[in-house]
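J.: Let me see the structure of the following:
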Amino acid sequence: MTQHVNPSIELAKRGARLAALGLVHDLRVIRDRLDDPGDREALHDFRVALRRLRSWLRAFRPVLRDTLRPKNERRLKRLAAETAASRDLEVHIRWVRRERRTLRGPSRAGATWLLRRLERDKISRDGKLRRALDDKFTRGTERVEAALLHFQTSVHHDGPSYATVAGELVTRHTSALVEAMKKLSKSSDRLEVHTARIAAKRLRYLLEVLEPHGFPSTGAIEALKQVQTDLGEIHDAQVFGSEIATLIDGLLAERALARAKANGAAVGARTALGDPIPGLRMLARRLRHHERAAFKRVERSWDGDAARQLAPA
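T.: Below you'll find the model as predicted:
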């Protein structure tokens, strides 16, 4: 569990390290859950724990950098990147399975074709993730932990308090989120959606660790979770929609090539399941609808004035 810190008496260097060591411990506990094939939430929870640790180290970098080297953070970043493909495929598979239940005929055939492709890709990506965990996790977390177990100080200058640094971080992260949300004009603004989603994540993870130590969030954590979820659904729909569009283009190109080789005779992009293109187009339309619906939820729920109240006076 996360270490308890009294912000009124701790130096920032010590307080930030104690909290970070607790996050490393939490990450190790969740890592063990990845060995249970029946734990369907293990990968998601592992990614959240890893992001929470990385966000904390990034936020408190000025008071950690005397012992925490950039290469320590890069190891965690590479590990996070290894988990991304497996998690994205996991989310996409669940979505296609759910949508396929409501499809019939050619549309259902296309969803089945896509589902088989995704499941095959996930087996491959899971194997790569397993190798990365075996090779990198223990060494990476041990080196981060070793860097956090000590710090440099002076009898002449103790540095800022934990409370002061934490308050400044909350103010800065809140301002970043408010500004990012102002730039959202429509759901198709992919860079803006991504930027706002990352800003919401970083503020939420900061507050989640600070809240038990005297930094009340005034209910902001739940609101941030919802904003992050909705922005994440927009982002996922955009990314998956692009992937499906690429698949359709590839199938159409194969069809055109086959037609050219057949001297113009009609050639369909068919598989054993039938032509997947109608189903892929249907799924792409549903993703666009899902994206617009999530953006409307963000517009209804986001309250910039409430977010600003998080910033300490």
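
J.: Every contact and neighbour count from this point should use C-alpha atoms.
T.: Noted.

J.: Quick one: residues in contact with stretch 81-88.
T.: Identification of contacts with stretch 81-88 by CA atoms under 8 Å, 6 or more residues apart in numbering yields Leu43, His44, Arg47, Lys122, Arg125, Asp126, Lys128, Leu129, Ala132.

J.: at 6 Å what do you get?
T.: Contacts of stretch 81-88 with the rest of the structure, by CA atoms under 6 Å, 6 or more residues apart in numbering, involve Arg125, Asp126, Leu129.

J.: Closest one of those residues to His290?
T.: Arg125 (26.2 Å; CA to CA).

J.: Give me the neighbour count for Glu82.
T.: Using other CA atoms under 10 Å, Glu82 has 19 other residues around it.

J.: And the strands in the stretch 151-300 of the chain, which stretches?
T.: Counting by DSSP state E, counting those that start in this stretch, the stretch 151-300 of the chain has no strands at all.

J.: where are the low-confidence patches of it?
T.: 154-158, 187-188, 212-218, 263-273 (pLDDT under 70).

J.: Can you tell me which of the contacts of stretch 81-88 is closest to Arg14?
T.: Closest to Arg14 out of those is Leu129 (33.6 Å), distances taken as CA to CA.

J.: and the closest one, helix, strand or coil?
T.: Following DSSP: H, G, I helix; E, B strand; the rest coil, the label given to Leu129 is helix.

J.: Apart from its chain neighbours, what residue comes closest to it?
T.: With CA to CA, 6 or more residues apart in numbering as the criterion, Leu129 has its nearest non-adjacent residue at 5.7 Å, and that residue is Glu82.

J.: Then Arg97?
T.: Of all residues not flanking Arg97 in the chain, Leu115 sits nearest, at 7.3 Å (CA to CA, 6+ apart).

J.: State the number of residues packed around the one you found.
T.: By other CA under 10 Å, 19 other residues sit near Leu115.

J.: what about Asp32, how many residues close to it?
T.: The number of residues packed near Asp32 is 11, by other CA under 10 Å.

J.: what packs against the longest helix belonging to the chain?
T.: Secondary structure of the chain read by DSSP state H shows that its longest helix is helix 220-261. The helices and strands touching helix 220-261, judged by 3 or more CA pairs under 6 Å, 6 or more residues apart in numbering; DSSP states H and E, are helix 190-210, helix 277-301.

J.: do you know which of the ones you listed lies nearest Ala19?
T.: Here helix 190-210 is closest among the helices and strands packed on helix 220-261 (CA to CA), at 7.4 Å.

J.: in the stretch 1-150 of the chain, which spans are helices?
T.: Applying DSSP state H, counting those that start in this stretch to the stretch 1-150 of the chain gives helices spanning 12-33, 42-59, 61-64, 70-100, 105-132, 138-148.

J.: Not counting its neighbours along the chain, what's nearest Gly279?
T.: The spatially closest residue to Gly279, leaving aside those adjacent along the chain, is Ser107, at 3.5 Å (CA to CA, 6+ apart).

J.: And for that neighbour, the neighbour number?
T.: Considering only other CA under 10 Å, Ser107 is surrounded by 22 other residues.
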